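>>> Let's see this in three dimensions:
(one chain, ligands or ions: 2)
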Amino acid sequence: MKENTPTEPKASLNFLEQIITNDLASKSTGGKVHTRFPPEPNGYLHIGHAKSICLNFGLAQKFNGKCNLRFDDTNPTREEQEYVDSIKEDVRWLGFDWEDREYFASDYFEQLYEFAVYLVKKGKAYVCAMTAEEISAHRGTPAIPGKESPWRNRGVEENLDLLDRMRKGEFPDGSHVLRAKIDMGSPNMHMRDPVMYRIMHAHHHRTGDNWCIYPMYDWAHGQSDYIEGITHSICTLEFEVHRPLYEWFLNALDLPHLKPRQIEFARLNLTYTVMSKRKLLSLVQDKQVKGWDDPRMPTISGLRRRGYTPASIRMFADRVGVAKRENVIEVGLLEHCIREDLNKNAPRAMAVLNPVKLIIDNYPEGQVEEMPAVINPELPENGTRMVPFSRTLYIEREDFMENPPKKFFRLAPGAEVRLKYAYIIRCEHVVKDADGEISEIHCTYFPETRSGLPSDKKVKGTLHWVCPEHALEAEVRIYDRLFSVPEPEEVEDGQDFRMHLNPDSLKVVKAWVEPYVGDATAGQHYQFERNGYYVIDPDSKTGHLVFNRTVPLRDSWTKVEKNK
Ligand code: ATP
Ligand code: MG
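Residues are numbered from 1 along each chain as shown. Ligands and ions are numbered 1, 2, ... in the order given. Take a look at the predicted model:
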């Protein structure tokens, strides 16, 4: 790992760690731990995948084992090299290293085919000429047994010949499939003679036109794990019902080596988020977002652009833990993790997003003082930056009220506040424009209250500010949740989850930022004091700074935790 995860190691073992500990003690996996992360390259990875990555690579690290990166590229029509590249970038960025173990299920196509021939020869697989609709109609329901295919009892030689001709491309798509011969009466639908190969005259992003039959995921997956010597095949709960099939295949193949052990855990679900790749793809295709890496997307690339750090995502994965039952995690926990990380690590800066002019009438005209300001109070060794201060400043419009309620500790006529790193000021009067809007706030300052000097004068409020003459103009993109309801995937039949898109998920404003951020490049984080965490966007150029708001400062999660 590149950074230290800013969390305490957990003392107790989760259920997966418990299983692995027992397997190591009993030597049932030969004293080894070998896991894998097996994405299908049909989309960009999201925070749910990040959970699985942290889990699989994390277990390998913890138990001194290995973790492979394997692309489950068995469906040529949906898969692309762009996705392969993005997946590699994201896993690496999260801080994990698969070393030289980058594999593709398509590398095993020949081996899988030989396995299939073996099953045919054993009388455990057959070529079926029913259409997809007929197969589905014959499958029955969980309560009603399926009907056997009329082709189920063909002889081995005929099956071998047909399979060979399927491979050679003699048949059109959909005319034949290879099926496992298991049990059409099984209460487990997955055991009712599942399809192993289908004919698809499609170009594959790696094997080109070498194949026109492609293995089904269920046929490829367990055997790929076996070929790689995976000891613990960790997958999400929906595959629990597939496990008997995976075990059936591995047993029927009479394999000589250790077989993988499948263990299921609950997939990560997050409030205000959709996690299905198909739905995320539809948002990209319909241009509801700017791309897979739009900072509102729950993709790893989106989170990165939003300003999430690898450490914060690993911390989140760790805090979520592993569950055996479906659950939904509050997105507030994710936001809490990034705040915790950035509070420790992000340099501070002052920025004004909605300015009003403040003029200090008794401050010498033309004078500029450089005020020392701590870069990060959590990391005093990082030193200070100098912030220019002058007679005319910008403060946030919200920090002034003409008729303030009680306990408004910011600026108001006659009120005194400290300008951070500078002086205490008192508001004397305001000037309004033709529309009645305040255009200038006039103040006096108390020279003896300069920050760092001993002074008895006390105030309740401290405001941030910038000096317009020196500040840099910036475009600031303020994001809100992409969906306006906690469970956007819950819609009635016939409704579309996109009805829950939040129309105000992006607001762009102009801001003024203190000059020292001008040297920073894309990916640099800041805490804008009293406001939130921001990151420089890749769209940023010299002369045109662009920031994304990662999260506001306020943390509702700590309140949630405290109230528990
Ligand atoms: P689909 O198969 O519908 O395209 P998927 O999200 O399952 O989508 P995969 O590429 O197959 O995509 O996922 C790769 C790995 O990530 C799998 O092992 C899967 O179990 C795991 N994974 C996917 N989504 C989640 C999630 N929300 N939480 C935890 N693990 C997940
Ligand atoms: Mg999947």
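>>> who does the one helix or strand residue 36 maps to pair up with?
Residue 36 belongs to strand 34-37 when assigned by DSSP states H and E. Next to strand 34-37 in the sheet, as set by DSSP bridges, lie strand 66-71 (parallel).
>>> pLDDT on the partner strand, on average?
Across strand 66-71, pLDDT averages out at 98.
>>> change the start of the numbering to 14 and stick with it
In the new numbering, first residue 14, that becomes strand 79-84.
>>> from the middle of its chain, how far away would that strand be?
19 Å (Cα atoms, centre = their mean, to the nearest Å).
>>> Tell me the secondary structure at whatever residue of the chain ends up closest to ligand 1.
Closest to ligand 1 within the chain is residue 61: 2.2 Å, counting by Cβ to the nearest ligand atom. Where you see a C-beta, it was placed from the backbone N, CA and C, and this is true even at glycine. Classification of residue 61 using DSSP: H, G, I helix; E, B strand; the rest coil returns helix.
>>> What count of nearby residues applies to the nearest residue to it once chain neighbours are set aside?
In this structure, residue 61 finds its nearest non-sequential neighbour in residue 281, 4.4 Å apart by Cβ to Cβ, 6 or more residues apart in numbering. When neighbours are defined as other Cβ atoms under 10 Å, residue 281 has 25 of them.
>>> From residue 327, how far off is residue 281?
Per Cβ to Cβ, to the nearest Å, residue 281 is found 13 Å from residue 327.
>>> same thing with residue 53?
With Cβ to Cβ as the criterion, residue 53 and residue 327 are 23 Å apart.
>>> When these two are compared, which one has more neighbours?
Between residue 53 and residue 327, residue 327 has the larger neighbour count (other Cβ under 10 Å), namely 26 against 17.
>>> mean confidence score for the helix or strand that one falls within?
Using DSSP H and E, residue 327 sits within helix 323-333. Per-residue pLDDT over helix 323-333 has a mean of 98.
>>> now do stretch 159-168
On average, stretch 159-168 scores 97.
>>> and what of stretch 546-561?
96.
>>> again with stretch 353-360
98.
>>> Any idea how far apart the tips of stretch 425-438 sit?
Between the opening and closing residues of stretch 425-438 lies a distance of 11 Å (Cα to Cα, to the nearest Å).
>>> typed the wrong thing, it's stretch 534-544
Stretch 534-544: ends 21 Å apart by Cα to Cα.
>>> Pull out the buried residues from it.
The neighbour-count criterion (16 or more other Cβ atoms under 10 Å) identifies 537, 538, 539, 540, 541, 542, 544 as the buried residues of stretch 534-544.
>>> The fourth one touches residue 363, doesn't it?
Looking back up the chat, that one is residue 540. No. Contact status for residue 540 versus residue 363: not in contact, 10.0 Å apart, counting by Cβ atoms under 8 Å.
>>> shared neighbours of these two, anything?
Residues touching both residue 540 and residue 363 (Cβ atoms under 8 Å, 6 or more residues apart in numbering): none.
>>> Can you spell out which helices and strands pack onto the helix holding residue 327?
Under the contact criterion of 3 or more Cβ pairs under 8 Å, 6 or more residues apart in numbering; DSSP states H and E, helix 323-333 touches helix 60-75, helix 344-358.
>>> now those in CSV, with distance to residue 318 and mean neighbour count?
Converted to CSV, the helices and strands packed on helix 323-333 look like this (distance: least, Cβ to Cβ, whole Å; neighbours: other Cβ atoms under 10 Å):
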stretch, distance to residue 318, mean neighbour count
helix 60-75, 14, 22
helix 344-358, 13, 21
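>>> Export these as CSV, with columns for distance to residue 108.
Below are those laid out as CSV (distance: least, Cβ to Cβ, whole Å):
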stretch, distance to residue 108
helix 60-75, 8
helix 344-358, 13
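>>> Go through these and name the closest to residue 276.
helix 60-75 (10.2 Å; Cβ to Cβ).
>>> ok and the closest one relative to strand 79-84, angle-wise?
Counting by axes from the mean of the first three to the mean of the last three Cα atoms, to 10 degrees, helix 60-75 lies at 150 degrees to strand 79-84.
>>> picking up where we left off before, is the helix holding residue 327 in proximity to ligand 1?
No. On the criterion Cβ under 6 Å from any ligand atom, helix 323-333 is out of touch with ligand 1, staying 9.3 Å away.
>>> buried sites along that helix?
323, 324, 325, 326, 327, 328, 329, 330, 331, 333.
>>> Helices of the stretch 164-313 of the chain, residue ranges please.
Along the stretch 164-313 of the chain, counting by DSSP state H, counting those that start in this stretch, helices occupy 169-181, 230-240, 256-265, 290-298, 313-319.
>>> List the contacts of the second one.
I take that to be helix 230-240. Outside helix 230-240, the residues that reach it (Cβ under 8 Å, 6+ apart) are 49, 51, 53, 83, 85, 87-88, 116, 118, 121, 124-125, 128-129, 193, 203, 207-210, 246, 255, 258-260, 262-263, 266, 268, 270, 272-273, 275.
>>> Give me the buried subset of those.
Buried by 16+ other Cβ under 10 Å: 49, 51, 53, 83, 85, 87-88, 116, 118, 121, 125, 128-129, 193, 203, 207-210, 246, 255, 258-259, 262-263, 266, 272-273, 275, out of these.
>>> Keep only the residues you listed that also lie close to ligand 1.
Among those, ligand 1 is touched by 51, 53 when using Cβ under 6 Å from any ligand atom.
>>> Next step: the buried ones among the contacts of helix 230-240 restricted to strands.
Of the buried ones among the contacts of helix 230-240, the ones assigned to strands by DSSP state E are 49, 83, 116, 193, 208, 209, 210, 246, 275.
>>> for the helix or strand residue 131 falls within, packing partners?
Per DSSP H and E: residue 131 is located in helix 122-134. Helix 122-134 is packed against strand 138-141, helix 169-181, strand 190-193, strand 208-212, strand 226-228, helix 230-240, with contacts defined by 3+ Cβ pairs under 8 Å, 6+ apart.
>>> Give me the contacts around it.
138-139, 169, 172-173, 176, 180, 191, 193, 209-210, 220, 223-224, 228, 232-233, 236-237, 240, 262, 265-266.
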